[in-house]
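Visitor: Give me coordinates for this.
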Amino acid sequence: MMKIAVIGMGYVGLPLALLLAKKNYVIGYDINSDKIKQLKKNIDHTNEVKKKTFNAAKKIFFTNDPVYLKNADFFIIAVPTPIKKNKEPDLKLLKKATILVARNIKNQSVVILESTVYPGTTESICVPIIKKISKLNYINKDSLKNNTKGFYCGFCPERVNPGDKKHTIDKITKVISGSNKHAIIKIKNLYKNICKKIYISSSIKTAEAAKIIENTQRDINIALINELSKIFKLLKIDTREVIATAGTKWNFSKFFPGMVGGHCIGVDPYYLTYKSKNVGFKPNVILAGRKINDGMSNYILKNIIKIYKEKHIDLVKSKILFVGCSFKENVTDTRNSKSIELITKLRKLKTNVDILDQVINENKILDIKVFKSFKNLNQNYYDTIIFSVIHDKFKDTLKKNYKKYLKSDKNIIIDINSFLPKQSSDFRL
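Guide: Numbering: from 1, shown residues only. Now for the predicted structure:
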């Protein structure tokens, strides 16, 4: 029986480890001891994994002790790859995970990266670290014999979409790549039992590039719609109605305006632009898209201020109910949340903000109490309600109850993502 070590028990690593553990012995490793304690009780703080998935994983062992990683046949690295304040790649966690692997690897082990990186990272950053520490050779296309002493590598990008129960690992096409044909055979045999379809990329670098453009393309498409929404606002045209109309053409791709946060779409393009600059090419479109999307909270704030002035409501000390502050719908994760960014800007204007979010785990954000339901909110109290992130299972409750909590004489409704009918709000993208 194969021994598989999955490094990082987050959105990517946890569901992957549990699927693999149906038929293989799997070590689910994470440096966070509190998370490991929760996972041993079948508790997933992200709410991405159901109890039945835990129960089906008969051969999983969760740990934060690296001693259990020793001599695994496969090491799968699934750690976050964020960016620094200067928008450059932050590979600290990836390098730490690679060092951990290098200290526990054995001859013929396969090291797989699932984390998003710029093209060339696997073989230019991770492989040298493993070679130096393990003293093993890197088995690639120049060493074709499968009995060569050393280790294999592959890049098999994750395609997890947090909150999406339809496109799970077992239902999507899995892209794999390997350092030579023997590596590809080993990696394919690993994934074929848990993935619906396998696509073999021509090289590790190609697979890395494919992953990075998946989110970059989406970021640029949203940026285009965000820019169009600004134009249409000045022309007094509703963006959603334009998209619905244009969507009747067979080859029109529907994207919708909004704030782009989280740890994928708002981050990955910077990995590509960093590598692009390193090889002497300054990207224009990608960075322009990032600038537009990064500026959407400022654009929304300017419109909020404008509406306050038009309605003769004093913004200072006004009472605002902000609905939803995870980075997207139906997830608990608040990392790089543009909603929180907007809340921060509102507070700098001396407004009083309450947060309503029924899904996130935090009880406080920016020292603001997070209400989990309407029950503890005061009725006829708020000058403004800002609908930002609307979780599916609470949509009906929100629609039925929100008016009770607005002041009856003067009030403002900001509906960022068109949750309500057009006529029900003062502003929407």
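Visitor: Now do stretch 411-426: distance from first to last residue.
Guide: Using C-alpha to C-alpha, to the nearest Å, one end of stretch 411-426 lies 9 Å from the other.
Visitor: Residue 76 belongs to a helix, doesn't it?
Guide: No. Applying DSSP: H, G, I helix; E, B strand; the rest coil, one finds residue 76 to be strand, outside a helix.
Visitor: surely it meets residue 2?
Guide: No. With contact defined as C-beta atoms under 8 Å, residue 76 does not reach residue 2; the gap is 11.7 Å. All C-beta spots, glycine's among them, are computed from the backbone N, C-alpha and C.
Visitor: more neighbours, the two?
Guide: Set residue 76 next to residue 2 and count neighbours by other C-beta atoms under 10 Å: residue 76 wins out with 30 against 15.
Visitor: ok, what's across the strand from the more buried one?
Guide: Counting by DSSP bridges, residue 76 is bridged to residue 6, residue 112.
Visitor: Distance of it relative to residue 187?
Guide: According to C-beta to C-beta, to the nearest Å, residue 76 stands 10 Å off from residue 187.
Visitor: same question, residue 95
Guide: Applying C-beta to C-beta, the value for residue 95 to residue 187 is 22 Å.
Visitor: Kindly report the same for residue 118.
Guide: 21 Å.
Visitor: Same question for residue 262.
Guide: In terms of C-beta to C-beta, residue 262 sits 28 Å off from residue 187.
Visitor: repeat for residue 428
Guide: Per C-beta to C-beta, residue 428 is found 46 Å from residue 187.
Visitor: Can you give me the neighbour number for residue 36?
Guide: The burial count assigned to residue 36 is 17, neighbours taken as other C-beta under 10 Å.
Visitor: tell me which element it falls in.
Guide: If you go by DSSP states H and E, residue 36 is part of helix 33-40.
Visitor: packing partners for that helix?
Guide: strand 60-63 (3 or more C-beta pairs under 8 Å, 6 or more residues apart in numbering; DSSP states H and E).
Visitor: Buried residues, the strand it packs on. List them.
Guide: Using 16 or more other C-beta atoms under 10 Å as the test for burial, strand 60-63 gives 60, 62-63.
Visitor: now swap in stretch 121-128 and tell me
Guide: By 16+ other C-beta under 10 Å, the buried positions in stretch 121-128 come out as 121-123, 125-127.
Visitor: go on, stretch 412-425?
Guide: Neighbour-count burial for stretch 412-425, counted by 16+ other C-beta under 10 Å, picks out 412-420, 425.
Visitor: what does that stretch contact?
Guide: Contact with stretch 412-425 is made by 238, 240-241, 256, 258-259, 300, 303-304, 307-308, 311, 313, 383-390, 395, 398-399, 406, 426-429, as judged by C-beta atoms under 8 Å, 6 or more residues apart in numbering.
Visitor: again, but for stretch 80-90
Guide: So stretch 80-90 is contacted by 8, 10, 91, 93-94, 115-118, 263, 267, 270-271, 274 (C-beta under 8 Å, 6+ apart).
Visitor: how about the helices in the protein?
Guide: Secondary structure of the chain (DSSP state H): helices at 13-20, 33-40, 51-56, 92-102, 121, 127-134, 181-191, 204-234, 239-246, 268-278, 285-294, 296-310, 338-348, 395-401.
Visitor: Mean confidence (pLDDT) on stretch 273-288, please.
Guide: For stretch 273-288, mean pLDDT is 97.
Visitor: any common contacting residues for residue 76 and residue 187?
Guide: Counting by C-beta under 8 Å, 6+ apart, the shared contacts of residue 76 and residue 187 are 112, 156.
Visitor: which residues touch the nearest residue to residue 150 once chain neighbours are set aside?
Guide: Of all residues not flanking residue 150 in the chain, residue 137 sits nearest, at 3.3 Å (C-beta to C-beta, 6 or more residues apart in numbering). Neighbouring residues of residue 137 by C-beta under 8 Å, 6+ apart: 131, 143, 148-151.
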